[in-house]
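Chemist: any chance you can model this:
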Amino acid sequence: MKHYLDTAEEAARGAGKLLRQNFRRQQRVNAVAAHDLKLEIDIQAQELITKLLLEEFPEHALYGEEGVAGDQSTEHQWIVDPLDGTVNYFYGIPHFCVSIALRLRNEIMIGVIYDPIREEMWSGQKGEVPKLNGHPVHVSDRADLTEAVISVGLAKTGETINANFPLLQEMIHRVRKCRILGSAALDMAYVACGRFDAYIEQGISLWDIAAGWLLVENAGGTVDVRPRDDMKDKYSIVASNGVIDLKL
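Modeler: Predicted structure coming up:
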């Protein structure tokens, strides 16, 4: 797995460099929704990642936010969000990342999340303690909900906002602080290294959470992911340190 992990880190750094070089420059907008944007830089970053991964592993496939590549029936599938936090990026908010995971026969084996502004690289492989810039990380040990800092995602559509907002209203009175930072992958990374105690979202895509899923579990936390029957290709997720009782 080390070859896979090294290549994923290289791809994340390459895409991160592209994002960093173009940050706070005028961006070409490809699509606009009420609560989301699609930028040309998203596509450019995924193309860079795809080229590097599939040149190194031509028998693999890639499933990403900006499209798919390769034979999707293969056992090895890279799951990629080339820019998680696009709205932050567009508005000049320095909180976004690259997320890359490798799924082998429906099991996540590799997870990499890279924040190119802070130059923080979370990386891990199945069965091993994940690392942040080479140093092992672990989830927090906070068990008291009143001491917890958690992230509650509001997602991108009116439907998902309506699903998440009541949860935010409830949790904000029960925990020390709720945070909505705009990058699901970084929320997961923050749980993995103990900055957050939990991350909750009611309608998220697999590419947002695949890498973080592995990182949180390998860092000693728990992740509960469930497909949404009422939202195509969306999932509800509760990722936590595994000791805090969220009383959901």
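Chemist: only C-alpha atoms for contact and neighbour calcs from this point on.
Modeler: Fine.
Chemist: centre-most residue in this protein?
Modeler: Ala185 (2.0 Å; CA atoms, centre = their mean).
Chemist: how near is that residue to Glu147?
Modeler: Going from Ala185 to Glu147 by CA to CA, to the nearest Å gives 23 Å.
Chemist: cool, and Gly124?
Modeler: From Gly124 to Glu147 the distance is 28 Å (CA to CA).
Chemist: so those two - more neighbours on which side?
Modeler: The neighbour comparison of Gly124 against Glu147 (other CA atoms under 10 Å) goes to Gly124, with 29 against 14.
Chemist: who's in contact with the more buried one?
Modeler: The neighbours of Gly124, taking CA atoms under 8 Å, 6 or more residues apart in numbering as the test, are Leu5, Ile110, Gly111, Val112, Pro130, Lys131, Leu214, Leu215, Asn218.
Chemist: repeat the analysis, applying 7 Å as the threshold.
Modeler: Shown in contact with Gly124 (CA atoms under 7 Å, 6 or more residues apart in numbering): Ile110, Gly111, Val112, Pro130, Lys131, Leu215.
Chemist: for burial, what's the neighbour tally of Asp115?
Modeler: Using other CA under 10 Å, Asp115 has 25 neighbouring residues.
Chemist: my bad, Glu66
Modeler: Residues near Glu66, counting by other CA under 10 Å, number 16.
Chemist: pretty sure it is touching Ile43, no?
Modeler: Yes. Judged on CA atoms under 7 Å, Glu66 makes contact with Ile43 at a distance of 6.0 Å.
Chemist: just the helices in the chain please.
Modeler: 2-22, 40-56, 86-90, 158-171, 184-192, 206-218 (DSSP state H).
Chemist: tell me what the first one is packed against?
Modeler: Other helices and strands packing on helix 2-22, by 3 or more CA pairs under 7 Å, 6 or more residues apart in numbering; DSSP states H and E, are helix 40-56, strand 97-104, strand 107-115.
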